[in-house]
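Chemist: my questions concern the predicted model and sequence given below.
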Amino acid sequence: MNTLGIESSCDETSVAILTKDEIRANLISSQDFHVEYGGVVPELSSRAHIQIITKLVRDAIKKSKLKLDDINLICASAGPGLIGALMVGFNFGKALAYSRQIPFIPVDHIEGHIFSGFLMNDKPEFPFLSLVVSGGHTLLLIVKNDLEIIKLGSTQDDAAGEAFDKIAKMIGLGYPGGPRIQEYSKKGNPDRFKFPIARLKNKFDFSFSGLKTAVYRFLSQNYSDLQTLSQNELSDISASVQKSIVSALTEKVILATNEHNIKSISLVGGVASNLTLRKSLEEIACKYEKKIVIPDFKLCSDNAAMIAYRGYKLFTNGKTYPMEYSCYPSLRGEMFTKF
Ligand code: KG4
Ligand code: ZN
């Protein structure tokens with residue numbers, strides 16, 4: 001069983017080929033030019049996907065040492081994401097599957113992240129607690145099996161990655177914010193500034209807009225001109241912000257681990273690249289004697305291997321989708337099972 005997966009939900013075009021759950025190719029082309037605009041420009045993203053997708057599919061097939069004839073299944077990210085960007089990979093995949101008369105499986109991008117730990121040698125064990133932290137989403141979930149996902153909590157405003165990106169922009173570190181805040185944090189004192197951690201009615205929910213506002217207030221009260229911020233101050237602010245975001249995330253993981261019967265903990269999504277967050281979750285898992293699975297960096301950020309894997313699993317679980325099925329911009333509430 002050879003699966004071709006396509007990912008184009010934001011600023012990465014990616015094509016992967018899997019034989020069952022083994023990765024034969026996972027090519028990622030990142031649109032670095034968005035840096036000069038301080039964030040992703042949707043229309044430019046769609047155009048860049050169009051320019052590279054055919055070449056990337058060819059290159060991935062070549063790298064896999066297979067032929068197009070050997071591909072039995074095609075999967076593509078269906079959403080959530082930038083709709084114009086999604087349409088490029090989704091419709092390319094659908095048309096290719098149609099022309100080859102092979103099945104096409106639309107894959108939810110967040111489900112791709114959730115199950116990305118299964119691409120590692122050491123895999124999560126069901127039921128597992130999943131912390132999904134990306135640029136657009138922050139979710140705490142219990143994954144009971146391939147088809148049952150229960151939502152414990154989610155962000156009520158900004159996502160964790162969005163908070164990193166917006167605060168980095170505010171303090172002049174530019175885009176992408178997460179890696180830059182992490183870099184500055186290395187030399188910073190995380191206890192110098194106390195930024196708030198939101199507590200919500202549903203104890204598993206998150207909120208990061210208050211943190212953003214607190215940093216904004218702090219800057220306007222103390223630095224009328226951002227140019228006067230020293231490298232030391234930038235490092236201390238970065239480390240304090242990172243501490244606040246990581247604490248908000250890990251706090252809920254501890255609560256959920258205490259209350260729910262889980263075997264493993266999995267950290268996924270772009271923010272899962274954050275070294276402090278990875279280390280904190282490893283310590284929690286060790287303390288509570290749970291298995292921890294955090295994918296390699298390449299599998300944390302957007303990639304097609306996770307899309308191909310999820311599509312392959314849906315297909316082998318008997319799922320089929322009509323040709324009319326289309327892509328979508330926002331999170332689908334119906335992907336979660338009720339308690
Ligand atoms: O999952 P992803 O690649 O794309 C989305 O689906 O959103 O996540 C991108 C997010 C960005 O907000 C980026 O700043 C954040 O992941 N990120 C990080 C780090 N690397 C990427 N955040 C904190 N620390 C990092 N090292
Ligand atoms: Zn993502």
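Modeler: Happy to help now that I have it. Only a predicted model underlies this, so the values are computations on that prediction, with no experimental measurement involved. Ligands and ions are numbered 1, 2, ... in the order given.
Chemist: can you pull the residues of this protein lying near ligand 1?
Modeler: Selection of the chain residues close to ligand 1 by C-beta under 6 Å from any ligand atom yields 10, 134-136, 161, 164-165, 176-179, 182, 269-271, 273-274, 301-302. To be clear about C-beta, it is placed using only N, CA and C from the backbone, and glycine gets the same treatment.
Chemist: just those that are near ligand 2?
Modeler: Applying C-beta under 5 Å from the ion, the subset of these adjacent to ligand 2 comprises 134, 302.
Chemist: the residues of the chain next to ligand 1 in helices, which ones?
Modeler: Secondary-structure check on the residues of the chain next to ligand 1 using DSSP state H: residues within helices are 161, 164-165, 177-179, 182.
Chemist: ranges for the helices of the stretch 201-339 of the chain?
Modeler: 209-222, 231-259, 275-287, 297-300, 304-316 (DSSP state H, counting those that start in this stretch).
Chemist: list the contacts of the shortest one.
Modeler: Spelled out, that is helix 297-300. Contacts to helix 297-300, defined as C-beta atoms under 8 Å, 6 or more residues apart in numbering, come from residues 26, 28, 116, 119-120, 268-270, 272-273, 294, 305-306.
Chemist: alpha carbons of it, as PDB, please.
Modeler: Taking C-alpha atoms only, helix 297-300 is exported to PDB below (Å, rounded to 0.1, in the frame of the first residue of the first chain):
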ATOM      1  CA  PHE A 297      11.200  18.700  14.500                       C
ATOM      2  CA  LYS A 298      10.500  18.000  10.800                       C
ATOM      3  CA  LEU A 299       7.300  16.200  11.800                       C
ATOM      4  CA  CYS A 300       6.200  18.900  14.200                       C
END
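Chemist: now do that helix, average pLDDT.
Modeler: Along helix 297-300, the predicted local confidence has a mean pLDDT of 96.
Chemist: is it in proximity to ligand 2?
Modeler: No: interface with ligand 2: helix 297-300 contributes nothing (C-beta under 5 Å from the ion), its closest point being 8.8 Å away.
Chemist: how far away is Q51 from T13?
Modeler: Counting by C-beta to C-beta, to the nearest Å, the separation of Q51 from T13 is 9 Å.
Chemist: any idea which residue is closest to the centre of this structure?
Modeler: Nearest residue to the geometric centre of the chain (C-alpha atoms, centre = their mean): G269, 2.5 Å.
Chemist: list the contacts of the residue in the stretch 51-200 of the chain that ligand 1 sits nearest to.
Modeler: Using C-beta to the nearest ligand atom, the single residue of the stretch 51-200 of the chain nearest to ligand 1 is G178, 2.0 Å away. By C-beta under 8 Å, 6+ apart, the contact set of G178 is 161, 164-165, 168, 270-271, 273-274.
Chemist: taking the residues you listed together, which two end up most distant?
Modeler: Largest separation among the contacts of G178 by C-beta to C-beta: A168 and S273, giving 14.4 Å.
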